[in-house]
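# What follows is a predicted structure for the sequence shown.
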Amino acid sequence: MSHEAATTAKRPAALPRLDVKSLAKSYGTGSKAKVIIEDLTFTVETGEVVCIVGPSGVGKTTLLKCLAGLQTATSGSAAIDGRVIDGPPREMALVFQDYNRSLMPWLTVRKNLLLPLRHLKLPAAELRERCDSALEAVGLTHAEHQYPWQLSGGMQQRVAIARALAYRPEILVMDEPFASVDAQTRFDLEDLCLKIRDDFNMTILVVTHDIDEAVYLSDRVVVLGSKPARVLKTIDLDLPRPRDQITTRSLPGFAQQRTEVLSLIKRPA
């Protein structure tokens with residue numbers, strides 16, 4: 001049985017892959033408490049790409065840290081397959097915006113991929129196969145013996161994505177993953193993201209400031225607004241797949257849905 005089939009067989013069919021219910025996060029206590037997130041509720045289904053958008057400083061990264069088990073919610077919950085997240089979930093891998101800090105410059109590309117796999121205590125043959133398949137998926141087989149500082153920004157971000165893939169996650173969470181690269185590279189990485197979803201049957205959650213990117217990538221967009229943050233609306237996108245950078249962005253529906261997301265974000269609090 002394949003990895004995907006095995007995990008599907010274990011998963012209760014009626015439950016969302018990721019289920020966020022009335023999640024809130026504040027810092028401090030009593031009258032001095034600073035509420036960052038207030039009563040967020042949304043779901044992510046298996047195999048979906050969902051993007052979270054909202055104004056700068058609304059609390060998107062704080063939400064992501066709660067979902068990744070890096071911070072504890074003040075109230076409410078986030079669950080994977082009905083299991084409440086109370087620490088970093090084994091099914092999840094993260095890709096951050098700042099690849100310069102996430103990659104070890106003194107390690108080759110292959111050794112960067114191996115770094116988070118050390119605690120899994122896998123046989124050498126499986127480690128080699130995981131790295132080979134991850135590098136092939138992002139088109140970097142030729143760069144395995146190079147160091148991050150020898151690569152372009154776009155290639156470094158591909159290394160960061162490959163490292164996450166080598167871990168074999170079921171859920172990939174990405175925090176502004178393409179914000180630090182040029183426009184053409186960003187388009188290439190967006191298409192890579194969609195290819196990964198299709199090739200690995202992966203569930204992907206992306207936090208982004210870029211509305212066009214959110215509409216291009218997503219099955220659904222969760223729009224956050226106000227302070228403390230709350231869900232203004234979850235928008236189902238009906239753009240045809242497969243997506244294409246020229247054809248999809250030229251569709252009237254793309255412009256309409258982009259306008260809908262933008263109008264929500266720009267709406268007065």
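Arrived safely, thanks for sending. Since we're looking at a predicted model, the values are computed, not measured.
# tell me the contacts of the residue of the chain most remote from its centre?
Relative to the centre of the chain, the most outlying C-alpha is that of residue 31, 34.3 Å out, by CA atoms, centre = their mean. If you count contacts by CB atoms under 8 Å, 6 or more residues apart in numbering, residue 31 has none. Every residue, glycine included, has its C-beta placed from N, CA and C.
# go on, residue 33?
Counting by CB under 8 Å, 6+ apart, residue 33 touches 26, 27.
# mind running it again at 10 Å?
26, 27, 74 (CB atoms under 10 Å, 6 or more residues apart in numbering).
# Give me the pLDDT for the first one.
Here the pLDDT value assigned to residue 26 is 92.
# and it, how many neighbours does it have?
Residues lying near residue 26 (other CB atoms under 10 Å) number 16.
# list the contacts for the closest residue in space to it that isn't next to it in sequence?
The spatial neighbour of residue 26 that comes closest, neighbours along the chain excluded (CB to CB, 6 or more residues apart in numbering), is residue 35 at 4.3 Å. Under the criterion of CB under 10 Å, 6+ apart, the neighbours of residue 35 are 24, 25, 26, 27, 28, 59, 74, 227, 228, 229.
# If we ignore the residues flanking it in sequence, what's nearest residue 224?
The shortest distance from residue 224 to any non-neighbouring residue, by CB to CB, 6+ apart, is to residue 54 (3.3 Å).
# who are the neighbours in contact with that neighbour?
Residues near residue 54 by CB under 10 Å, 6+ apart: 60, 63, 207-209, 222-226, 229-232, 261, 264-265.
# and the residues you listed, which are buried?
With burial judged by 16 or more other CB atoms under 10 Å, the buried subset of those is 60, 63, 207-208, 222-226, 229-232, 261, 264-265.
# Least confident of the residues you listed?
Comparing pLDDT over these, residue 226 scores lowest. The value there is 78.
# ok so, going back, checking the residue nearest to residue 26 next. Helix, strand or coil?
At residue 35, secondary structure determined by DSSP: H, G, I helix; E, B strand; the rest coil is strand.
# per-residue confidence at it?
88.
# related to what we said a few turns ago, which of the contacts of residue 54 fall within helices?
Secondary structure from DSSP state H places 60, 63, 261, 264, 265 of the contacts of residue 54 in helices.
# Could you double-check that the third one sits in contact with residue 212?
Pointing back at residue 261 there. Yes - the pair formed by residue 261 and residue 212 meets the contact definition of CB atoms under 10 Å, at 9.3 Å.
# which parts of stretch 234-246 are buried?
Buried residues in stretch 234-246, counted by 16+ other CB under 10 Å: 235, 237, 239, 243.
# Done for today, thanks.
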